[in-house]
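Participant: Can you look at this prediction? I've put the sequence above it.
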Amino acid sequence: ASGFCQQGVCCKSACTGTCMSCALSGSAGTCSPILAGADPTPTTQCANAGGTSCGTNGLCDGTGKCQLYGTGTQCANAACAGDTLTPARFCDGAGSCKTVTSTLCDPYACGTGGVCNTTCQVATDCTSPASCTIPSGQTTGSCGKLAIGSPCTAAAMCNSGFCAQTVCCNSACTGTCSSCDLPGTVGTCTSIPGGQAPNPTTECTAQAASTCGTNGLCNGSGGCQKWPSGTQCAAGTCMSGSATAASTCNTSNVCTTPAPTNCTPYICGTNACKTTCTANTDCVSPDICSASACVPPVNVSVQLAERDLNATDGAIAPHFKIFNTGTNTITLSQITLRYWYTEEGTDGVTVATTPIAQEASCDFAAITGNCANVNMSFVQVTPAVTGANFYFLVGFASGAGTLAPGTNTSDIQLRFNKTSFSSNYNELDDYSYLSTMTYTTTTKVTAYLNGALIYGTEPM
């Protein structure tokens, strides 16, 4: 009688609204909302938009509308990328997927399955600059910042907050000649030992030694080293016979120049006084060069007398007087005499082909210290020269004193023989022999100053 047939029953009204029905139990014939969670009639009234949309779920909500996905419905999976964790998202029950707040996994990195790592096995399980520390005997560990002494490239990597000289340090370590990477103290800011380069090397300027300033190295006390005392800061000079030695840095790092010295009796060499000579021009006049030494000019003459005139006996006994004929005092220890003679063989006639041992004696010397300051020796002449295969060398010790100009030594009475007077000499053919017992000037006894001939003529 109503004129409406809906959902297979006679209905009081047309009942065509969404999620409405006239066939509900307990209200048949009356158009009523379909119960929440029940399918609509027809089912096409409510589409299932899927849980990720948080929209309609294909069912009715009990109020005559299509039901929306509820608040327990997950609309987005949890995600973890790098070290950022985004939790799962759920529907708000009003048709929207609720927003969430992302969090950092720090000091861990993201693991698999969209979650943060909670342990580590390798460094990549941690978020840089944290590192993986695994206790001894364990297979997994925990993430944290680097310990003091660990290699680093940034302060944020270190638990101390300081990265200096590429290691985690106990301080900023920015002082001059300080370093955190020294052997034995890695991780502790320590003064660089003296004599070593700073880090960086630009901390200490390498000034020239002439300044006595910094030399580019560290001093071991957290400062730049200066050129040490004694360092040459200027070359020596020698001009007009006056030499100034090289200047050196003192303990106050000032370049000090020593007092000049007089080169006499030598002249200047290259930036210094000469100390030897090769010619008289190397000496300050009137000094002369004798045996590589500059000495006052010396003029001498020699007188010789024979003790006896027996020229073929077992001894030769020359007596000498040395005269200072110059104007400068002579130091006798610089003077030597040579008495030239032949040593005969055992027959006392022919010249010995093999030397025979000889010995000398001083009978008297009118010099300071007498015979104690007279030196005597024998020197073989090789090859033999006319009238000599030996010379009798006479010299004087330092205690012999000096010989003033215009004076002479007076008697120096010497003799020599073959050991134990084993055989005779023949003096008649000796170069220096004079057949007189009266002191007579001779040029055949030669005299030397420091080894250089100054009087007489040597045999040829």
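Facilitator: Great, that's in hand.

Participant: Kindly tell me how buried the residue lying closest to Phe421 once chain neighbours are set aside is, as a neighbour count.
Facilitator: Closest residue in space to Phe421, ignoring its immediate chain neighbours: Gly314 at 4.1 Å, by CB to CB, 6 or more residues apart in numbering. C-beta coordinates here come from the backbone N, C-alpha and C atoms, glycine included. Other residues lying near Gly314 total 14 when counted by other CB atoms under 10 Å.

Participant: Gly314 reaches Ser423, doesn't it?
Facilitator: Yes - shown here, Gly314 and Ser423 form a contact pair, counting by CB atoms under 8 Å, at 7.1 Å.

Participant: Give me the buried positions along stretch 303-321.
Facilitator: Across stretch 303-321, burial judged by 16 or more other CB atoms under 10 Å covers Gln303, Leu304, Ala305, Glu306, Ala311, Ala315, Ile316, Ala317, Pro318, His319, Phe320, Lys321.

Participant: any weak-confidence spans in this structure?
Facilitator: 1 (pLDDT under 70).

Participant: Now do the helices in it.
Facilitator: Assigned by DSSP state H, the chain shows no helices.

Participant: Which pair of the buried residues of stretch 303-321 spans the longest distance?
Facilitator: Spatially, the most separated pair among the buried residues of stretch 303-321 is Ala311 and Lys321, at 21.3 Å (CB to CB).

Participant: Roughly how far does the residue nearest to Phe421 sit from Ala172?
Facilitator: As for Gly314, its distance to Ala172 is 99 Å (criterion: CB to CB, to the nearest Å).

Participant: and what of Tyr341?
Facilitator: Tyr341 is 92 Å from Ala172, by CB to CB.

Participant: Show me which of the two is the more surrounded one.
Facilitator: For the pair Tyr341 and Ala172, the greater number of neighbours falls to Tyr341 (25 against 15), based on other CB under 10 Å.

Participant: list the contacts for that one?
Facilitator: Residues near Tyr341 by CB atoms under 8 Å, 6 or more residues apart in numbering: Ile316, Gly387, Ala388, Phe390, Tyr391, Phe392, Tyr425, Glu427, Asp430, Tyr431, Ser432, Tyr433.

Participant: Quick one: the residues you listed as TSV, columns for distance to Thr166 too.
Facilitator: As requested, the contacts of Tyr341 are arranged in TSV below (distance: CB to CB, whole Å):
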residue	distance to Thr166
Ile316	90
Gly387	89
Ala388	85
Phe390	82
Tyr391	81
Phe392	83
Tyr425	92
Glu427	94
Asp430	91
Tyr431	88
Ser432	88
Tyr433	93
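
Participant: Let's see which of those residues end up in strands.
Facilitator: Counting by DSSP state E, those place Ile316, Ala388, Phe390, Tyr391, Phe392 in strands.

Participant: Identify, from the residues you listed, the entry nearest to Asn77.
Facilitator: When those are compared against Asn77 (criterion: CB to CB), the nearest one is Tyr391, at 121.3 Å.

Participant: all strands for the stretch 51-200 of the chain, in order.
Facilitator: Under the criterion DSSP state E, counting those that start in this stretch, the stretch 51-200 of the chain contains strands at 56-60, 66-68, 74-76, 79-81, 84-86, 89-90, 103-104, 131-133, 142-144, 163-164, 167-168, 178-179, 190-191.

Participant: I should have written the stretch 301-450 of the chain there, sorry.
Facilitator: Under DSSP E, counting those that start in this stretch, the stretch 301-450 of the chain gives strands at 315-316, 318-324, 330-331, 335-341, 358-365, 374-385, 388-396, 402-403, 412-418, 440-441, 445-449.

Participant: show me the residues around the closest residue in space to Tyr339 that isn't next to it in sequence that make contact.
Facilitator: Nearest non-adjacent residue to Tyr339, counting by CB to CB, 6+ apart: Phe392, 4.1 Å away. Phe392 sits next to Ile316, Pro318, Arg338, Tyr339, Tyr341, Ala360, Met376, Phe378, Leu414, Phe416 when contact means CB under 8 Å, 6+ apart.

Participant: export those to TSV and tack on distance to Ile148?
Facilitator: Formatted as TSV, the contacts of Phe392 follow (distance: CB to CB, whole Å):
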residue	distance to Ile148
Ile316	94
Pro318	93
Arg338	85
Tyr339	90
Tyr341	92
Ala360	86
Met376	83
Phe378	84
Leu414	90
Phe416	90
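
Participant: Met409: neighbour count?
Facilitator: For the record, residue 409 is Thr, not Met. By other CB under 10 Å, neighbour count at Thr409 equals 23.

Participant: partner residues bridging the residue lying closest to it once chain neighbours are set aside?
Facilitator: Excluding its sequence neighbours, the residue lying closest to Thr409 (CB to CB, 6+ apart) is Ile322, at 4.6 Å. On the basis of DSSP bridges, Ile322 is bridged to Val302.

Participant: burial count for Ile322?
Facilitator: 25.

Participant: do you know how far it is from Leu337?
Facilitator: 7 Å.

Participant: Spit out the residues that contact the two alike.
Facilitator: Val302, Ala447.

Participant: so which of the buried residues of stretch 303-321 comes closest to Cys22?
Facilitator: Out of these, the member with the shortest distance to Cys22 (by CB to CB) is Phe320, at 170.8 Å.

Participant: The closest one contacts Ile412, correct?
Facilitator: Yes - using CB under 8 Å, Phe320 makes contact with Ile412 at a distance of 4.5 Å.

Participant: Now do the contacts for the residue nearest to Thr409.
Facilitator: Val300, Ser301, Val302, Leu332, Ile335, Leu337, Leu403, Asn408, Thr409, Ile412, Ala447.

Participant: Please apply the same query to Ala206.
Facilitator: Thr214, Asn215, Gly216.
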